[in-house]
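> What would the 3D arrangement of this be:
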Amino acid sequence: MAEFPGKAQETTVRHAVPEAGAHPGPAASLSRNPPIAPDDTSFPPHPDASPPTGEGRVRAAFRLLRPRQWVKNGLVVVAPLAIDPDALVKGAGSVAAVFAAFTAAAGAVYVLNDWLDRDRDRLHPEKRHRPLASGRIGGAGALLLAALCLAVLATCLLLVPPAAAGLVGAYLVVNLAYCLWLKHQPLVDVSIVALGFALRVAAGSAAAGVPYSSYLLICVYCSCLLLSLGKRRHELALHTAVGEAHRHRPALQHYSVGLLDSLMMVMLATTVISYALFTQGGLFSRHPLLATLTLPFAVFAGARYLQLVVVHDTGGEPGRDLSRDHAMLLNAALWLGLLIIGATT
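Numbers count the residues shown, from 1 in each chain. Sure, this is the predicted structure:
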C-alpha cells in the first residue's frame, strides 16, 4: 500500500542539508523561504518606519492632508463658470475663501478618517504607507493638525456669505458622520461621497451669488456617484479574489458586481439626461445647436469610464485613471473647446 507523506517526512525535508558541492534543490529553498500561509496579511516594514526627523514629520503631516485631492475643491468654480462667468470675476475673493474652507474641512476629515482606520490600513498593501498607519505621525500630531485645519476653516467661513458657510458646515458634519459610522453602511457610503461634490458646487454658487441650477447639481451628484460605484466595484473585485473584501472595507460584503454594474448604468443615464437638460440654459441659451453638439462628448465620457472599469479592471483611483487615459483626455479637450466657444460667443 502506498504511503502518504506525513508530518515527519515534511520535517525531514525542511531540515535536510545538501551534500557538499551539490546544488541546493527545492527542499533547501523551502527551508530558507518557508511558504507564507494563505491568510497571512503581514507586509514588509515601510522604509520610512524609522522615527521621522522634524522635516520628515512636516512632510508626513502634509501628506496626511492629501494635497492631491485638493483639486476636487475646484468644483466651487463650476457653477459660476457655467452660469455666469462675470459673477466669478466679481466674487473671486469669496469663491477662493470657499475653496480654502473646503480644503481645510476635508483635511480635518482626512485626519480623523486615517486615525480611525489606522489598524485596518496597516493590513492594506498601499494604505499601510499612510502617515498614521506607518507611525510617522502619532496621535498628538494628528490632533494638532486637525485643530489647525478647523482653525483655518473657521477663519475662512468668516469671509464668505452665510449660505456658502452653511453648505461648508453641512459638508463637515456629514463627512464626520461618514468617518464615524456612515462609511460602513452600504449605498449610504457612496451617496455621502457624491453628496460632498454636490455641496462644493452649491457652495460655489452661493459664494459667487449665482442662482442654483437643479440640473447641474443632479448631474454632478450622479456623475460622482457613478465614479464612487466604479471604485467600489474595483475594490470588490480586487479583494474578493483574495477573500479580504470585508477586511479592507466592511460595507463591501453587502455589494455584488452585478448590483454595482446595474447601479452604474442607472447613474450614467441620469447623468447624461440631467446634463442635456442643463445645457438648454446658462451659457448655451443662445446656442441650442452647440449645446446639442456637446452631448455626444458627455455620452462618450460615461461610456469610456464604464469600459475602463468593466473591461480593463480600473477604477480604484478614478482621478488618476481618467487623467492617464488618452481617449478620455482627447474627448475632454474637444468637449472643453465647445464649452469655451459657447461661453465666448
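
> what's the neighbour count on residue 216?
24 (other C-beta atoms under 10 Å). Backbone N, C-alpha and C define where each C-beta goes, glycine included.

> next one: the one 3 residues further on
Burial of residue 219, expressed as a neighbour count using other C-beta under 10 Å, amounts to 25.

> Leaving out chain neighbours, which residue sits closest to it?
Of all residues not flanking residue 219 in the chain, residue 274 sits nearest, at 4.1 Å (C-beta to C-beta, 6 or more residues apart in numbering).

> residues touching residue 267, list them.
With contacts defined as C-beta atoms under 8 Å, 6 or more residues apart in numbering, residue 267 is in contact with 222-223, 225-226, 229.

> tell me which element residue 262 falls in.
Residue 262 is part of helix 257-278, with elements assigned from DSSP states H and E.

> go on, residue 332?
helix 326-344.

> Residue 254 is in contact with residue 236, correct?
No: counting by C-beta atoms under 8 Å, residue 236 does not reach residue 254; the two are 10.2 Å apart.

> need the next SSE after the least confident helix or strand in the chain by mean pLDDT, C-terminal direction.
Taking mean pLDDT, DSSP states H and E as the measure, the chain has helix 26-32 as its least confident helix or strand, at a mean of 37. Downstream of helix 26-32, the next assigned helix or strand under DSSP H and E is helix 54-64.

> quick check: mean pLDDT across the next helix or strand after that next one?
Counting by DSSP H and E, the next helix or strand C-terminal to helix 54-64 is helix 78-83. Across helix 78-83, pLDDT averages out at 89.

> Please export the C-alpha coordinates of helix 78-83 as PDB.
Output of helix 78-83 as PDB, limited to C-alpha atoms (Å, rounded to 0.1, in the frame of the first residue of the first chain):
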ATOM      1  CA  VAL A  78     -18.100  75.100 -11.900                       C
ATOM      2  CA  ALA A  79     -21.500  76.800 -11.300                       C
ATOM      3  CA  PRO A  80     -20.200  80.400 -11.800                       C
ATOM      4  CA  LEU A  81     -18.300  79.400 -14.900                       C
ATOM      5  CA  ALA A  82     -21.300  77.500 -16.400                       C
ATOM      6  CA  ILE A  83     -24.000  80.000 -15.400                       C
END
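
> what about dumping the CA coordinates of the helix or strand just after that helix to PDB?
Per DSSP H and E, helix 78-83 leads on to helix 85-90 as the next helix or strand towards the C-terminus. What follows is helix 85-90, C-alpha atoms only, in PDB (Å, rounded to 0.1, in the frame of the first residue of the first chain):
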ATOM      1  CA  PRO A  85     -18.700  83.800 -15.700                       C
ATOM      2  CA  ASP A  86     -18.800  87.600 -14.900                       C
ATOM      3  CA  ALA A  87     -20.100  86.700 -11.400                       C
ATOM      4  CA  LEU A  88     -17.000  84.600 -10.900                       C
ATOM      5  CA  VAL A  89     -14.700  87.500 -11.600                       C
ATOM      6  CA  LYS A  90     -16.700  89.800  -9.200                       C
END
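
> Buried by neighbour count: which residues of helix 85-90 qualify?
87-88 (16 or more other C-beta atoms under 10 Å).

> ok now the next helix or strand after it, how far from the chain's centre?
Following helix 85-90 in sequence order, the next helix or strand is helix 92-116 (DSSP H and E). Using C-alpha atoms, centre = their mean, to the nearest Å, the mean C-alpha position of helix 92-116 is found 15 Å from that of the whole chain.

> list the buried ones in helix 92-116?
Those buried within helix 92-116 under the rule 16+ other C-beta under 10 Å are 94-115.
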